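J.: Could you work out the structure for the sequence below:
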Amino acid sequence: MNTSMEKAYINGEKLAGQEESCYDRMKELKAIDDTKAGVKGVADTGLLNIPRVFVRPPEELAEEEKLLLVDKSEIHEPAIPVIDLEEMENRRKEIVNEIRLASESWGFFQLLNHGIPETVMDEMIKGVAKFHEQDTEVKKQFYSRDSTRKVKYQTSFDWFQTKSAKWKDTFICSMLSPDLIDPRELPDICRDIILEYTEHVRILGDTLIELLSEGLGLEKDHLN
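T.: Predicted coordinates:
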C-alpha cells in the first residue's frame, strides 16, 4: 500500500482529539486520491477507524434524523408508471399511448419484459464486481478524474467538493456516446459481458426511440 495513504489514515486517527485548525482536509483527500486505490484500498489496509474525510458532519446527520422522524403515513408517494413491453406487436398502440402519457406526466417510467436477459444483467453485475476485486496495480491504469475519458474508475466524482466523502468506488463506461468506444479500451476481465450487455441496451434504446416517435405522432424512424 502506498505510504502516503498509510500516513493519511494514521493522521486521520491521531487528529480526532486535536484542534480543528490542525486538520488539513484537502491534504488527506489528495493523499487518498493519489494512491489510485479507491475506497477498496482504504478498506484493505485493515484500518480500525474510518478516515475523517468520510465522517459526516454532526449537523448533516441531525438534519437527516429530523427527516427520519417525519410521519411516513402523511407522505403520499405516487406510483411510478410501469410499462410492460410483452407482446408489443399485438399491443403496440396501447404501449405507445402508455409511454406518451408517462413521458408527459412524469418524464420517465419503469419497463417490464424489456428483452434484456436476466442472465446478462446478472453477469454484468458480476463483471463489475470482478473489476473492483482486481489487484490495485491493475486497476490504477483506469483511475482518472478526466471527464473526457470514456472508461475509468474513481472514488466519487465530487471527491473534493462535498463535506464528507462517499464510501464507494465507481466504474464508468460511456458505451453509447456519439463516438463508439474501442473495445480494446475496456478492462480484459469484463470486456465481453460489457459488450454483450451494451448491445442489448442499444437494441432496447432503438425500440424506445421508435415508440416515442410514434407517441409524438411521427413516423417510427423519425427520431432515429
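J.: What residues does the spatially most central residue of the chain make contact with?
T.: In the chain, the C-alpha nearest the mean C-alpha coordinate belongs to residue 170, at 6.0 Å (Cα atoms, centre = their mean). Residues in contact with residue 170, defined by Cβ atoms under 8 Å, 6 or more residues apart in numbering, are 153, 154, 155, 156, 157. For the C-beta atoms, the positions are set from N, CA and C on the backbone; glycine is no exception.
J.: how about 7 Å then?
T.: The contact partners of residue 170, taken as Cβ atoms under 7 Å, 6 or more residues apart in numbering, are 153, 154.
J.: For it, give me phi and psi.
T.: phi -130, psi 130 (degrees, to the nearest 10).
J.: what do you get for residue 173?
T.: phi -130, psi 110.
J.: What is the burial count for it?
T.: 23 (other Cβ atoms under 10 Å).
J.: That one is in contact with residue 152, isn't it?
T.: No: Residue 173 is beyond contact range of residue 152, at 8.5 Å (criterion: Cβ atoms under 7 Å).
J.: And the residue nearest to the centre of the chain, how close does it get to residue 40?
T.: 11 Å (Cβ to Cβ, to the nearest Å).
J.: before we move on, what about residue 137?
T.: For residue 137, the distance to residue 40 - Cβ to Cβ - is 13 Å.
J.: Mind checking which of those two has more residues around it?
T.: Using other Cβ under 10 Å as the criterion, residue 137 and residue 40 rank with residue 40 on top: 16 against 9.
J.: so the more buried one makes contact with residue 169?
T.: Yes: judged on Cβ under 7 Å, residue 40 makes contact with residue 169 at a distance of 5.8 Å.
J.: quick one: common contacting residues for the two?
T.: With Cβ under 7 Å, 6+ apart as the test, residue 40 and residue 169 both reach residue 132.
J.: which stretches of the chain form helices?
T.: Counting by DSSP state H, the chain has helices at residues 3-14, 25-34, 38-44, 58-68, 92-105, 118-132, 136-139, 191-215.
J.: would you list those helices in CSV and tack on mean pLDDT and distance to residue 221?
T.: Output for these, formatted as CSV (pLDDT from 0 to 100; distance: least, Cβ to Cβ, whole Å):
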stretch, mean pLDDT, distance to residue 221
helix 3-14, 44, 53
helix 25-34, 94, 46
helix 38-44, 93, 43
helix 58-68, 85, 46
helix 92-105, 96, 14
helix 118-132, 97, 26
helix 136-139, 95, 42
helix 191-215, 95, 7
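J.: Residue 181: which of the ones you listed is closest?
T.: Closest of the helices of the chain to residue 181 is helix 191-215, at 8.9 Å (criterion: Cβ to Cβ).
J.: tilt between the closest one and helix 92-105?
T.: For helix 191-215 and helix 92-105, the angle between their directions (axes from the mean of the first three to the mean of the last three Cα atoms, to 10 degrees) works out to 90 degrees.
J.: I would like the residues contacting helix 191-215, please.
T.: By Cβ under 7 Å, 6+ apart, the residues outside helix 191-215 that reach it are 95-96, 99-100, 103, 114-116, 120, 123-124, 127, 173, 175-176, 183, 186, 219-224.
J.: Perfect, I'm done here.
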